[in-house]
Structures are given as C-alpha cells and as structure tokens.
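Asks: Let's see this in three dimensions:
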Amino acid sequence: MHIHVTELQQGDRLIRDTFNSYGLHVLSAGKELNASDIAKLFQHRIDYVDIETRTADEEPAIRTIESGLNPKWLPTVGPIYQDAVNGCEQLFREAFQNGKIAEDDVVQTFQPLVDNFKMERDVVSMLLLLNTKDDYTYQHSVQVGMLSYYLASWLGYGEEAAVKIGQAGFLHDIGKCQIQEGILNKPDKLSREEFETIKQHTVFGHRIIRESFGDSIAATVALEHHERIDGTGYPNCLPGSAMHPVSKIVAVADVYSAMISSRVYQKKRDLLYVLKELYRMSFSELDPETTHTFIRHMIPNFIGKRVELESGETGTIVMTHSSEYFRPLVRLGERFVDLTVERDYEVKHVFM
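Replies: Numbering: from 1, shown residues only. Coordinates of the predicted model:
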C-alpha cells in the first residue's frame with residue numbers, strides 16, 4: 001500500500017526500508033509506526049512510504065496526520081497568526097482597563113493556533129517566517145504560547161494539559177499591560193530603576209489572572225516565568241526545587257522566543273547560537289530536562305537547511321544527532337562530513 005505520509009496513522013507497519021533523498025536510512029521494514037516515527041518521516045522530507053494493507057476497520061474516518069505548513073501557504077496561515085496577535089492585544093487592553101480578562105476570550109484567541117499549527121513539523125521556520133518587528137509584546141506572547149504547547153507535548157503531557165500550558169504561556173506577560181509603554185518599548189538599555197519597574201509585570205500578571213480565574217497554573221506561570229533554577233531570577237529568587245514544572249516549560253519558551261525575535265534594538269540571532277545559548281543556560285538557569293527536550297525536538301528542523309561551516313564551506317544538513325545536538329551530518333558537494341567524527345569542523349551559520 002503506497003501512501004503519502006500525511007495519510008499515515010499510528011500502528012501502520014512499513015513493508016520496505018525507508019531512505020531520505022540523500023540515501024540515508026531512516027526507518028526499517030517491519031517498523032510499526034508511532035507518532036515520533038511519523039514525525040521523523042516529516043522531518044526527513046519523505047513524501048511516500050509503503051505500508052501493509054489495512055483492513056476496512058483500520059481505515060481512518062479522517063486523516064490523523066495533517067500536512068505540515070509550508071512557507072508558500074503563508075497567505076493562509078498568516079491571518080490566523082495575526083488574528084491571535086490582535087486578540088492578544090485586545091486581552092492586554094481589557095486587563096489594563098478592567099484588571100481582569102474573560103477565560104472564554106483567551107480560549108477563542110488561542111485555540112485556533114492549536115487547531116491550525118499543532119502538526120507543523122518545522123517550528124523553526126514557521127516562527128521566523130511569521131515574526132515581524134511590529135507588536136513585539138503581543139507576538140512574543142503568541143509565540144511563547146505556541147512553543148509552550150509544543151514543549152509540553154514533547155514532555156509527554158496529554159493534549160488537554162498541553163493546551164492549558166500553552167494558554168499559560170500565552171498569558172505569561174499579561175502584567176506588562178500595566179507597565180508604561182515608554183519603558184516597555186524603550187530602544188535603549190533600561191536604567192536600574194526602569195528594570196525594577198519591568199520586573200513588576202510578573203506580580204501584576206499574577207494578580208490579573210487570579211482576579212480573572214482564581215488560583216491557576218496560568219497565575220503561577222505569570223509570577224514565576226522569570227525565576228531561574230539557581231535562584232538568580234525574579235521576583236522571589238526561587239530555586240528550581242520551588243518552581244512549578246509548567247513555569248520551567250514557559251521559561252524555556254520565553255527565552256527562546258525573546259532571542260529569535262526581531263526588535264528595534266535587537267537583531268535576530270543565528271538560530272544555532274540561540275539553541276547553544278539555551279544549552280549553556282541549562283546548566284545554571286533553565287531546567288536541564290525541559291531545555292534538552294526542547295533542543296532535541298528543535299534540532300531535527302534543521303535537516304535540509306543550508307549551513308556555512310567555520311572553514312567557509314557551505315553545505316546542507318542531512319541528519320542530526322540525538323546527543324551531540326550541534327554536530328550534524330553535513331553534505332558538502334559530493335561528500336558527507338559527520339561533525340561528531342571530524343571534530344575540526346564547526347557550524348558557523350544556519351541559513352533559514
């Protein structure tokens with residue numbers, strides 16, 4: 001049974017070995033597919049596979065795997081993203097004016113993102129393509145919500161819990177509605193007094209969400225997302241042992257989104273640099289398991305991307321490694337260079 005990968009469902013069994021376009025072996029014949037296997041096929045840009053013929057009872061009523069987004073489809077998905085950004089702005093205004101927000105408004109704003117983007121296999125490109133210099137605070141909130149949803153799923157949370165965690169990420173900065181715009185969007189470095197003011201958004205956000213929904217994960221996340229496991233964060237200098245696990249998830253998503261975003265006073269950083277920085281922070285500031293899970297799932301999105309090596313040579317990432325995240329297999333012309341073996345090579349830049 002020759003089938004497109006978008007039609008696969010868990011439990012399908014391969015009848016032939018599967019290779020990517022570079023001839024590298026991806027999955028073996030006889031493999032019973034699970035969700036991660038199907039994701040791997042997407043990541044390797046494999047379109048069709050051969051599986052054992054299903055019985056009539058096994059045929060899905062609807063597709064269980066939606067095709068991933070593609071940059072050429074931005075006219076379709078862009079408006080969904082922009083609607084969420086606009087909805088986020090409206091929530092900030094509501095919180096500023098009334099000191100609270102309606103839970104139904106949060107669901108109606110965030111849920112379309114989950115429904116339309118949850119099977120996107122290239123999170124890296126998606127966020128870069130959709131990101132602009134406008135409405136930083138609101139775009140950042142939308143991105144952190146999406147990333148928190150993905151990361152929660154990767155950590156093993158069920159769909160309902162992952163959506164709640166995504167909503168918490170979406171609302172993590174709601175307290176910024178009470179920070180003066182001149183400080184919030186200041187293009188220059190903040191003074192010590194201004195930074196102390198900014199730090200209060202965690203307390204403001206906690207209060208707004210408690211007034212809106214009572215005690216909740218979202219309220220805790222609003223308060224704790226700038227805490228760090230070594231106790232150097234704010235507002236309460238909590239150690240990792242005292243942080244809520246969901247706060248650790250949103251903290252990783254928050255740092256990543258902030259570092260990839262384009263702002264008036266900050267250029268977008270190279271994506272590999274950002275992930276390396278997260279890796280460094282995982283040994284002091286960010287929860288290691290949460291951060292490494294994030295990196296491990298983001299790195300395969302680099303497969304197929306062009307890279308420049310420190311040697312000046314350019315090539316294409318063919319495969320990534322599950323342990324040495326930043327040392328992929330690269331095709332340089334007609335030869336393959338495994339950076340885990342040839343240690344003199346380093347990736348300098350990933351072209352997105």
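Asks: From Arg13, how far off is Ser28?
Replies: Applying CB to CB, to the nearest Å, the value for Ser28 to Arg13 is 11 Å. For glycine as for every other residue, the C-beta is placed from the backbone atoms N, C-alpha and C.
Asks: So for those two, which sits in the more crowded spot?
Replies: Arg13 (13 against 10; other CB atoms under 10 Å).
Asks: got the contact list for Asn116?
Replies: Contacts for Asn116 (CB atoms under 8 Å, 6 or more residues apart in numbering) come out as 77, 80.
Asks: again with Glu94
Replies: 100-102, 105.
Asks: Top of the residues you listed by number of neighbours, please.
Replies: Highest count within the contacts of Glu94 by other CB under 10 Å belongs to Ile101, 23 neighbours.
Asks: Wait, Glu313 touches Leu332, no?
Replies: Yes: with contacts counted by CB atoms under 8 Å, Glu313 reaches Leu332, the gap being 5.5 Å.
Asks: what ranges of the chain fall below the confidence cut-off?
Replies: For the chain, the stretches with pLDDT under 70 are 6, 35, 39, 43, 56-76, 118-126, 128-129, 132-134, 262-269.
Asks: roughly how far is the longest helix out of those in the chain from the heart of the chain?
Replies: Using DSSP state H, we find that the single longest helix of the chain is helix 74-98. Chain-centre distance of helix 74-98: 19 Å, with CA atoms, centre = their mean, to the nearest Å.
Asks: same question, stretch 24-39
Replies: 23 Å.
Asks: all strands of the stretch 101-250 of the chain, in order?
Replies: Assigned strands in the stretch 101-250 of the chain: none (criterion: DSSP state E, counting those that start in this stretch).
Asks: these two touch, right, Leu24 and Pro328?
Replies: No: here Leu24 lies out of contact with Pro328, judged by CB under 8 Å, at a distance of 11.7 Å.
Asks: which one of those two has more residues nearby?
Replies: Between Leu24 and Pro328, counting by other CB under 10 Å, Pro328 is the more crowded of the two (26 against 15).
Asks: quick revisit: list residues touching both of Glu313 and Leu332?
Replies: By CB under 8 Å, 6+ apart, no residue touches both Glu313 and Leu332.
Asks: wait, what's in contact with the closest residue to Trp154 other than its chain neighbours?
Replies: Excluding the flanking residues, the one nearest Trp154 by CB to CB, 6 or more residues apart in numbering is His297, at 4.8 Å. By CB under 8 Å, 6+ apart, His297 lies in contact with 150-151, 154.
Asks: Next: Ile229.
Replies: 239-240, 243, 248, 284-287.
Asks: any idea how far Asp188 lies from Gly182?
Replies: Going from Asp188 to Gly182 by CB to CB gives 11 Å.
Asks: Apologies, that question was intended for Glu346.
Replies: 42 Å.
Asks: Same check on Asp135?
Replies: Applying CB to CB to Asp135 and Gly182 gives a distance of 17 Å.
Asks: re earlier: regarding the residue nearest to Trp154, what is its secondary structure?
Replies: At His297 the chain is in helix, as set by DSSP: H, G, I helix; E, B strand; the rest coil.
Asks: Next, the buried residues of stretch 271-280.
Replies: Residues 271-272, 274-275, 278-279 are the ones in stretch 271-280 that count as buried (16 or more other CB atoms under 10 Å).
Asks: Also stretch 90-109?
Replies: 91-92, 94-95, 101, 106, 109.
Asks: Also stretch 231-243?
Replies: For stretch 231-243, using 16+ other CB under 10 Å, the buried residues are 233-234, 238, 240, 243.
Asks: distance between it and the chain's centre?
Replies: Taking CA atoms, centre = their mean, the mean C-alpha location of stretch 231-243 is offset from the chain mean by 23 Å.
Asks: how far does it stretch from start to finish?
Replies: Across its full length, stretch 231-243 reaches 10 Å between end residues, using CA to CA, to the nearest Å.
Asks: measure stretch 11-20 end to end?
Replies: End-to-end for stretch 11-20, by CA to CA: 21 Å.
Asks: Then stretch 171-191?
Replies: This stretch, stretch 171-191, spans 26 Å end to end (CA to CA).
Asks: One more: stretch 170-186?
Replies: 23 Å.
Asks: Show me the contact partners of that stretch.
Replies: Here stretch 170-186 has contacts from 88, 91-93, 95-96, 101, 106, 109-110, 136-137, 140-142, 144-145, 148, 190, 194, 197-198, 200-209, 218, 221-222, 225, 250, 254, 264, using CB under 8 Å, 6+ apart.
Asks: Pull out the buried residues from it.
Replies: 170-179, 184.
Asks: Check which helix or strand His321 maps to.
Replies: Element membership for His321, per DSSP states H and E: none, as it lies in no helix or strand.
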